[in-house]
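# pasted the sequence and its predicted model underneath.
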Amino acid sequence: QVQLVESGGGLVQAGGSLRLSCAGSGRTFSSYRMGWFRQAPGKERQFVAAINTNGANTAYADSVKGRFTISRDNAKSTVYLQMNSLEPEDAATYYCAATLAAWGTLGLRHVYNYWGQGTQVTVSS
């Protein structure tokens, strides 16, 4: 079992940057593929980025490609989301999630077994 705690959200001006962190508990953190999702008020939770167990493979939603970077440090049981060139449309609650599912399915919410509580990102224009 994995418990996930996000941090790093806050208020930033458009064009600014934030780095989100997701700290995992448990000795098996490195066995899980990790994803970041976001949910704006009144909208469905959507895929943002994913990373495989050793960090060698990453995937991004088209809307964040080139601006966001996902990474992980298994020694610290932590996954990160570096967000640059933030836009008002990026404002949402950001969630990290863990899964043992196959790489090709990581854009799907239902394959993730464990979720954090979320961290709020607000982008002012």
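Ah, there it is. Note that the structure is a prediction, hence the values are computed from the model and not measured.
# contacts only, for N74.
29-30, 53-55 (C-beta atoms under 8 Å, 6 or more residues apart in numbering). All C-beta atoms are positioned from the backbone trio N, CA, C, and that covers glycine.
# now, which of these sits nearest W115?
F29 (14.5 Å; C-beta to C-beta).
# against A14, how distant is the closest one?
Counting by C-beta to C-beta, to the nearest Å, the gap between F29 and A14 amounts to 34 Å.
# how about low-confidence regions in this structure?
For the chain, no stretch has pLDDT under 70.
# just the strands from it, written as ranges.
For the chain, applying DSSP state E gives strands covering 4-7, 10-13, 18-24, 33-39, 46-51, 58-60, 68-73, 78-83, 92-99, 114-115, 119-124.
# between these, which one is closest to L106.
Closest approach to L106 among those (C-beta to C-beta): strand 46-51, 3.9 Å.
# contacts for that closest one, please.
For strand 46-51, using C-beta under 8 Å, 6+ apart, the contacting residues are 33-39, 57-61, 64, 68-72, 79, 81, 94, 106-109.
# neighbour count winner among F29 and A14?
F29 (23 against 14; other C-beta atoms under 10 Å).
# show the contacting residues for that one.
Neighbouring residues of F29 by C-beta under 8 Å, 6+ apart: 2, 74, 77, 98.
# okay, the strands of the chain in JSON lines with mean neighbour count next?
Below are the strands of the chain laid out as JSON lines (neighbours: other C-beta atoms under 10 Å):
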{"stretch": "strand 4-7", "mean neighbour count": "18"}
{"stretch": "strand 10-13", "mean neighbour count": "13"}
{"stretch": "strand 18-24", "mean neighbour count": "20"}
{"stretch": "strand 33-39", "mean neighbour count": "24"}
{"stretch": "strand 46-51", "mean neighbour count": "22"}
{"stretch": "strand 58-60", "mean neighbour count": "17"}
{"stretch": "strand 68-73", "mean neighbour count": "18"}
{"stretch": "strand 78-83", "mean neighbour count": "23"}
{"stretch": "strand 92-99", "mean neighbour count": "24"}
{"stretch": "strand 114-115", "mean neighbour count": "18"}
{"stretch": "strand 119-124", "mean neighbour count": "17"}
